[in-house]
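A.B. asks: got a predicted structure plus its sequence, pasted below:
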Amino acid sequence: MSSPKRHSAQTYIDGILAQDRVLLSQAITVVESTLASDEALAQEILEQVLPHTGKAIRVGITGVPGVGKSTFIEALGTYLTDTLGHHLAVLAIDPSSQRSRGSILGDKTRMEQLGMNPRAYIRPSPAGKSLGGVARRTREAMLLCEAAGFEVLFIETVGVGQSETMVHGMVDFFLLLLLAGAGDELQGIKKGIMEMADLLAINKADGKNLAAARLAQLEYQNALHLFPPAASGWWPQVLTCSALEQSGIAELWEQVRAYEAHTQANGYWQQRRQAQNLDWMYRSISHKLESDFYDHPQVQTLLKALSKEVSEGLRSPSHAANELLQIYRRYTKI
């Protein structure tokens, strides 16, 4: 299979800095690529645009099933672009799309109005072999979007579970969307996800749901008082909003900006960005080593036989792992 035709690195770089959407999308495709022939090109693009990154506010958005996340993102995104005049990029992490084959593309279709907005850009991340791979590509796409002049980035989690932790590790502000009237309000909400949140928003606070939403707001606010203070020195609020009626959207964004001002004043904003950069480096090392290990031909040859022996209880998992690592070290001279 022949390699796809690519432009020069400078063509992509110039296009990104000129806010050319076509070349931005093509550059993201290059950094998302798993082809060895694209690796050097991707790294050159990223290195050259790096001085133009870091100026956007990065907001992670997650929510329970049925919370109306796509409608909410469209409502908040429309407010940011049309009312405040910001340029917005929406990126999605979807570890489940490897099974469902395109659930985020469905979300993109549902955000039809925002998708046609000239100040907005929506880009789904394809599923890879691991969530770490998806997150790595999303981080790199995020940098390219910042270099292209987007002032606000939404990093959306479409899957559930570990994806929240991944998103929290690459954003400045983490927003958790919740529903009212779904039984015990705190049941099924992982404590760890609530502890990560910088703001909780009860969506669909309209019509018959309004009273339930206000009650849920009190319950969640009380629950947050049980958590230890965050390292940022910020106390998360619980707000109600209605994406359908566009109510509470402006107040929600005011909280994001208040957090930004608070953490920039106390130095936490920059400390967190620096810690995230180091974490991305260490994760990139782990991802690269893992990929190189499993792609190694001698490892692939032995892996199938050893996997069968381990599954049948004929060899211990640790012994098999050590044997595979020894083979890898021998042939790579590590």
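C.D. replies: Nice, thanks for sending it over.

A.B. asks: use CA for all of it now, contacts and neighbours both
C.D. replies: OK.

A.B. asks: next secondary structure element downstream of the strand or helix carrying Ala275?
C.D. replies: Assigned by DSSP states H and E, Ala275 falls within helix 268-295. The element immediately downstream of helix 268-295 (helix or strand, assigned by DSSP H and E) is helix 297-311.

A.B. asks: packing partners of the helix or strand following that following helix?
C.D. replies: Per DSSP H and E, the first helix or strand lying C-terminal to helix 297-311 is helix 317-332. Judged by 3 or more C-alpha pairs under 8 Å, 6 or more residues apart in numbering; DSSP states H and E, the packing partners of helix 317-332 are helix 297-311.

A.B. asks: distance of Lys208 relative to Glu39?
C.D. replies: Per C-alpha to C-alpha, to the nearest Å, Lys208 is found 53 Å from Glu39.

A.B. asks: for the two, indicate the residue with more neighbours.
C.D. replies: Glu39 (14 against 9; other C-alpha atoms under 10 Å).

A.B. asks: buried residues, the helix or strand where that one lies. List them.
C.D. replies: Assigned by DSSP H and E, Glu39 belongs to helix 36-49. Counting neighbours by 16 or more other C-alpha atoms under 10 Å, one finds that the buried residues in helix 36-49 are Asp38, Leu41, Ala42, Ile45, Leu46, Val49.

A.B. asks: tell me which two of those sit farthest apart.
C.D. replies: Across these, no pair lies farther apart than Asp38 and Val49, at 16.7 Å, counting by C-alpha to C-alpha.

A.B. asks: now do the contacts for Phe150.
C.D. replies: With contacts defined as C-alpha atoms under 8 Å, 6 or more residues apart in numbering, Phe150 is in contact with Ala56, His86, His87, Leu88, Ala89.

A.B. asks: which one of the residues you listed sits closest to Leu76?
C.D. replies: Closest approach to Leu76 among the contacts of Phe150 (C-alpha to C-alpha): Leu88, at 10.2 Å.

A.B. asks: quick one, phi psi at the closest one?
C.D. replies: With angles defined as degrees, to the nearest 10, Leu88 sits at phi -120, psi 130.

A.B. asks: doesn't Arg123 make contact with it?
C.D. replies: No: the criterion here is C-alpha atoms under 8 Å, and Leu88 misses it with Arg123 at 11.1 Å.

A.B. asks: out of these two, which sits in the more crowded spot?
C.D. replies: Between Leu88 and Arg123, counted using other C-alpha under 10 Å, the more crowded position is Leu88 (27 against 21).

A.B. asks: hang on, the earlier thing: among the contacts of Phe150, who's most crowded?
C.D. replies: Counting neighbours by other C-alpha under 10 Å, Leu88 comes out on top of the contacts of Phe150 with 27 neighbours.

A.B. asks: against Leu215, how distant is that residue?
C.D. replies: For Leu88, the distance to Leu215 - C-alpha to C-alpha - is 33 Å.

A.B. asks: before we move on, the earlier item: any chance of the buried residues of helix 36-49 in TSV with distance to Gly248 and pLDDT as columns?
C.D. replies: Listed next are those as TSV, based on distance: C-alpha to C-alpha, whole Å; pLDDT from 0 to 100:
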residue	distance to Gly248	pLDDT
Asp38	44	94
Leu41	44	96
Ala42	41	96
Ile45	40	98
Leu46	37	97
Val49	36	98
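
A.B. asks: which of the residues you listed lies at the shortest distance from Glu323?
C.D. replies: Glu323 has its nearest neighbour among the buried residues of helix 36-49 in Asp38, at 31.8 Å by C-alpha to C-alpha.

A.B. asks: find the nearest non-adjacent residue to that closest one, please.
C.D. replies: Nearest residue to Asp38, sequence neighbours excluded (C-alpha to C-alpha, 6 or more residues apart in numbering): Val30, at 6.1 Å.

A.B. asks: thought the one you found was touching Ala40?
C.D. replies: No: judged on C-alpha under 8 Å, Val30 makes no contact with Ala40 at a distance of 9.9 Å.

A.B. asks: circling back: so can I have CSV of the buried residues of helix 36-49 showing distance to Gln113?
C.D. replies: Converted to CSV, the buried residues of helix 36-49 look like this (distance: C-alpha to C-alpha, whole Å):
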residue, distance to Gln113
Asp38, 34
Leu41, 34
Ala42, 31
Ile45, 31
Leu46, 30
Val49, 30
